[in-house]
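Q: Just need the structure, nothing else, for what follows:
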Amino acid sequence: MSAAKKYKPMDTTELHDTENIASSLKKGDSSSSSIPTTNPGRSAFAAQNMNSAASTNGERLPNFSKLGAHHGNDIRAASTTSNLLNRMGAIHNTKPGDVKKIVIKNFKAKPTLPDNYSEDTYVKLEEAVIAIQLSKPIKYSLEELYQAVVNMCSHKMDAQLYAKLRELTEQHVKRNIKLKELTGGSMDKLILLEKINNWWLSFCQQMIMIRSIFLYMDRTYVLQNSFIHSIWDLGLDLFRIHFAQNSVVQKRTVDGLLTLIEKERQGSTVDRGLLKSLVRMLCDLQIYSSAFEEKFLDATNQLYKAESQRKMQELEVPEYLQYVSKRLAEENERLLHYLDSSTKHPLIYNVEKELLAEHLTNILQKGLDALLEDNRLNDLTLLYGLLSRVKNGTSELCGNFNGYIKKKGRTIVIDPEKDKSMVQDLLDFKDKMDVIVRNCFEHNEKFTNSLREAFEFFVNQRANKPAELIAKYVDMKLRSGNKGTTDEELEKTLDKIMVLFRFIHGKDVFEAFYKKDLAKRLLVGKSASVDSEKSMLSKLKQECGGGFTSKLEGMFKDMELSRDVNLAFRGHTLSNDRDVTNLDLTVSILTMGYWPTYAPTEVTMPPQFINPQQIFNKFYLEKHSGRKLQWQPTLGNCVLRAQFDAGPKELMVSLFQALVLLLFNDKPTLSYEEILAATSIEDGELRRTLQSLACGRARVITKTPKGRDIEDHDQFDFHNEFTNKLFRIKINQIQMKETNEEQKATEERVFQDRQYQIDAAIVRIMKMRKTLSHNLLITELFNQLTFPVKPADLKKRIESLIDRDYMERDKDNQNQYNYVA
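A: The predicted model follows:
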C-alpha cells in the first residue's frame, strides 16, 4: 500500500462526528444529567437534519430533539456515553502512523415528529407573533422559535405556516386601521400624522422581528414559489390594501401632509423628519403617485398661480426674479429632504410654468428695458438663467432684446442733434451690449446674431450720415492732436470702429469721406502715426477687398515718391539755383486719380513764393516729360518768422494765412477790401482765414470793430503786443475743418459715383440677358449693388440709358426691356 493511501484524510462527515463526540464528552464531564437521552430513530433524524442545515446555511442547527419533552431511560444514556468513551479511547490509543477509519451511517428508520407537535408549534408561534405585534415580551427564545419554523418547513408544513402568518398579520392591520383615533375627525392633523408614523414605524419593526423568526421559510418556501410574497412584502401588501381601502385614514394622512407642506411654504418651521418618514411610507406602499403626488401637484399649482399674480402686481421685475429664484431653491430643497425623486420633474415644471411661463410676456415688457438701460448684469444673468428653464423663454428674451437694441439705437442715429457724439455713443452702446451677451447670456449664438442684426438695422435707418460720421471719427482718432492715447488703445478703438463699419450698407460714403480726410492728414502732416494709418488701411482691405483700398494705397505711394522728389530737388537747388536756398520748399506730387478732386484756385502769390514754384516746375518737367503740374494753394502750409515786442516767434499757418500776414510787412493796418484785392482769395475762404487770425486763441492781428464775424468794412492791424509762452505757435488749423461746401461736394461726388455704378450694372445685366422684364431687372440690381438705393432712383437711371440708346422698351410689351448692341 502506498503512502498516499495509508494516510488518507478524513472526510467532512467524519470530522463533524468527531467534534460531536468530543462535545458530548465535555458535557458529560461537567454534568452527566445535562446529556439528553435519545433513541436510535431520533439520533439518526438529528444527524440528518444537522447535515441538511449545514449544507443550506453553512452552520449547524440546534438538535431537533431538544424541542420535545420526551426522554429515554438512564441505562441507554449510560450505554451511549460508554460507547462514546470507548470509541474516543480507541482513537487516542492508536499508534503513530496507524490510521483507523470511522464510518457513520444514517439509521434506516425515517425520523418522525412527536405527537401533536404541529398543533403545539402553531400555538407557540402564534403567541410569539401576537406578542411582537402588541409589543409584549416573548415567552420563548428566538432560537427555539426559529428551530420550530425550520422543523415545520422540513416536514412540508410551510404552506400552512405561511397562511397562518398571513392571517395573523392581516388581523393586526385591520385591528389598527379601524381605531377610532385614526378614523375620528376631531384629532389635530399633526397629532394624527405622528400616530400614523409611529404605527408605521412600529409595524416595520414588528415585520423585521417576525421575518427573523420565519427567515428559514422566507428563504426556502417563498423562494421556491414565485407567486407568493416574501414576508416583508406580505406585510407591506396587507398594509397597503387596508390603508388604501380605508379612504378616511388615507385622506386624512394625505391632507395632513399637504397642510404641513403648505405651512412650510408660508415660512413656518415643520418636522421634516415626520414628512420624510410618511412620504417614504407612501412610496413603500406604492401609493405615493396615486394618493399623494397628484394632490400635491394640484395644490402647488393653485398656490403659485395665486401667489405669482399677486407678486407680479406688487414687485418690480428684479424683486420678482429674486422671489422666483428663492421659490425654486426651496422646492429643490424639499425634493432633497423628503419628497420622492420621481416628483422632481413635474414639480419643478409646474413651479416654472406658474411663476415664469404664465408671466413671460409681462416680465419682459415690464422690466427688460429697465434692466438693459441700467446695465444690471446680475439681474440679467438671473433673468436669462430662469427663462432658459421654460419653453420659448430664451427665444422671447432674444426677441425683446433685439427690439430694445433697435429702439435704443434708432434714438442715437436719427437725432441730428446727437451727430457730434453719435459714433462714440454707438461704440459705448455696442460695448455694453457685448458685455451683456458675453457675461449674462452665456455668449449664446442666438443673442450674438440678434445683436448684429439689430445694429445693422438701425445704423442704416438714416442714409449715409452714419457712414460719414464714422469716417470723421476715424479721422479724429488718427490725427496727431489726439493725445493721451497709446498705440494699443488706438488699435482697439480701430477694431471697434471696424465692427460698426461692417454694419454700414453705404460703404462708398465712408470711403469718400475717409479718403478726403486722409488726404488732409497726409498733406498737412497731421497724421498721428504712419503705422496706425496703414493698420486701418489693412483692416479696410481685409473687410472690403483690394479694390476698395487701391486709391488709398496710391495716396501713400505718392507721399513716398514725393519724399524722393524733394530730396532730389534740394540737391538740384544747392548745385544750381542759389537764390532759393533761403526758402525750405517741400512739394507733394499727387496723382489725380488717387486723391480727392480739388477745384482749381487762383491766388496772388508774393514774389518769394513764385520764384521757387517756377524752379520746381522746370526741375520736375525735365525729369518727367508729358506730365502737367497743377498747384493747389488750398492745401499748402507755411512756417513764418514774426517779430513781436516780446521777441521773435515762429507761426505755423496755412498758405492763405501766410499770404495775409505777409501783407503786414508793407503796411501795419489793412482793410478787408485791401486784403481781398491783394490776395485774390475767395471771399468765404478769406473771411474764415481772417477770423482764425483775429478771433482765435492766438490773435496775431486785431480787428476793428471787435466781434466774431468779418464784415466788409473791418480794419485789421498787426498785433505787436502779442505774447505767448511758446516759441513755435500753431495758429488755428482751418484747413483741417470741413466746410459745408466741402461736405456737400463730397456727398454730390458719392451720388454721382453711384449713378455711374447703377448705369454700369444695368448695362452689364442687359448685355448678358438681352431681354428682361422691369421687375426682374430691378431684382437683379438690388442683388448686385452694394449700397442702398430706392426703386425710383433705379427707374430714373433706366430712363436715362433708354434716352442714350443703351436699351429700349419692347414694342409689344412696355414692361419689357431689350438691349441695344
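Q: And Val270, how far from Asn198?
A: Val270 sits 17 Å away from Asn198, going by Cβ to Cβ, to the nearest Å. The C-beta positions use only the backbone N, C-alpha and C, and glycine is treated the same way.
Q: Which residue of these two possesses the greater neighbour count?
A: Per other Cβ atoms under 10 Å, whichever of Val270 and Asn198 has more neighbours is Val270, with 16 against 11.
Q: quick one: secondary structure of the more buried one?
A: coil (DSSP: H, G, I helix; E, B strand; the rest coil).
Q: In contact with it, which residues are there?
A: Applying Cβ atoms under 8 Å, 6 or more residues apart in numbering to Val270 gives the contacts Leu260, Ile261, Lys263, Glu264.
Q: Buried subset of those, written for PyMOL?
A: Filtering the contacts of Val270 down to the buried ones (16 or more other Cβ atoms under 10 Å) takes a single PyMOL command:
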select buried, resi 260+261+264
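Q: in the stretch 501-650 of the chain, which spans are strands?
A: Assigned by DSSP state E, counting those that start in this stretch, the stretch 501-650 of the chain shows strands spanning 637-644, 647-654.
Q: angle of the last one against strand 637-644?
A: So that's strand 647-654. Interaxial angle, strand 647-654 versus strand 637-644 (axes from the mean of the first three to the mean of the last three Cα atoms, to 10 degrees): 160 degrees.
Q: please renumber so the chain begins at 16
A: Sure, I'll start counting at 16 from here, so that last one is strand 662-669.
Q: who does strand 662-669 pair up with?
A: Strand 662-669 has the following sheet partners, assigned by DSSP bridges: strand 652-659 (antiparallel), strand 743-745 (parallel).
Q: could I get those strands as JSON lines with mean neighbour count and distance to Gln265?
A: Below are the strands paired with strand 662-669 laid out as JSON lines (neighbours: other Cβ atoms under 10 Å; distance: least, Cβ to Cβ, whole Å):
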{"stretch": "strand 652-659", "mean neighbour count": "14", "distance to Gln265": "100"}
{"stretch": "strand 743-745", "mean neighbour count": "13", "distance to Gln265": "95"}
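Q: right, and those - which one's nearest Phe218?
A: strand 743-745 (100.3 Å; Cβ to Cβ).
Q: what's the average pLDDT for the closest one?
A: Mean per-residue pLDDT for strand 743-745: 85.
Q: Next, the buried residues of the helix or strand following that strand.
A: The C-terminal neighbour of strand 743-745 among helices and strands, as given by DSSP states H and E, is helix 755-784. Of the residues in helix 755-784, 760-762, 764-765, 769, 772-774, 776-777, 780-781 count as buried by neighbour count, 16+ other Cβ under 10 Å.
Q: swap in stretch 546-564?
A: Of the residues in stretch 546-564, those buried (16+ other Cβ under 10 Å) are Ser547, Glu548, Ser550, Met551, Leu552, Lys554, Leu555, Lys556, Cys559, Phe563, Thr564.
Q: residue ranges for the helices of the stretch 216-365 of the chain, please.
A: 230-234, 236-239, 246-260, 262-280, 287-299, 309-329, 332-352, 359-370 (DSSP state H, counting those that start in this stretch).
Q: So which of the ones you listed is nearest Thr601?
A: Thr601 sits nearest to helix 332-352 of all these, at 63.6 Å, using Cβ to Cβ.
Q: want to throw the buried residues of helix 755-784 into JSON lines with pLDDT?
A: Rendered in JSON lines, the data for the buried residues of helix 755-784 read as follows (pLDDT from 0 to 100):
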{"residue": "Ala760", "pLDDT": "71"}
{"residue": "Thr761", "pLDDT": "73"}
{"residue": "Glu762", "pLDDT": "71"}
{"residue": "Arg764", "pLDDT": "75"}
{"residue": "Val765", "pLDDT": "75"}
{"residue": "Arg769", "pLDDT": "79"}
{"residue": "Gln772", "pLDDT": "84"}
{"residue": "Ile773", "pLDDT": "86"}
{"residue": "Asp774", "pLDDT": "86"}
{"residue": "Ala776", "pLDDT": "88"}
{"residue": "Ile777", "pLDDT": "89"}
{"residue": "Ile780", "pLDDT": "89"}
{"residue": "Met781", "pLDDT": "87"}
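Q: Closest one of these to Arg477?
A: Of the buried residues of helix 755-784, the one sitting nearest to Arg477 (Cβ to Cβ) turns out to be Glu762, at 13.5 Å.
Q: Could you find the closest non-adjacent residue to the closest one?
A: If the residues on either side of it in the chain are set aside, Glu762 comes closest to Asn479, at 7.0 Å by Cβ to Cβ, 6 or more residues apart in numbering.
Q: ok, the one you found - contacts?
A: Here Asn479 is in contact with Gly521, Val524, Glu762, Val765 (Cβ under 8 Å, 6+ apart).
Q: before we move on, the earlier item: nearest to Lys721, of the strands of the stretch 516-665 of the chain?
A: Closest to Lys721 of the strands of the stretch 516-665 of the chain is strand 652-659 (Cβ to Cβ; 20.2 Å).
Q: and that closest one, average pLDDT?
A: 88.
Q: For burial, what's the neighbour tally of the closest residue to Lys549 other than its chain neighbours?
A: Closest residue to Lys549 apart from its sequence neighbours, by Cβ to Cβ, 6+ apart: Phe571 at 7.3 Å. For Phe571, the count of nearby residues is 17 (other Cβ under 10 Å).
Q: and the gap between Phe571 and Arg578?
A: From Phe571 to Arg578 the distance is 11 Å (Cβ to Cβ).
Q: closest to Thr396 out of the strands of the stretch 516-665 of the chain?
A: Here strand 662-669 is closest among those (Cβ to Cβ), at 54.1 Å.
Q: after the closest one comes which helix or strand?
A: Next element after strand 662-669 (DSSP H and E): helix 670-678.
Q: need the next SSE after that next one, C-terminal direction.
A: Moving toward the C-terminus from helix 670-678, the next helix or strand (DSSP H and E) is strand 684-686.
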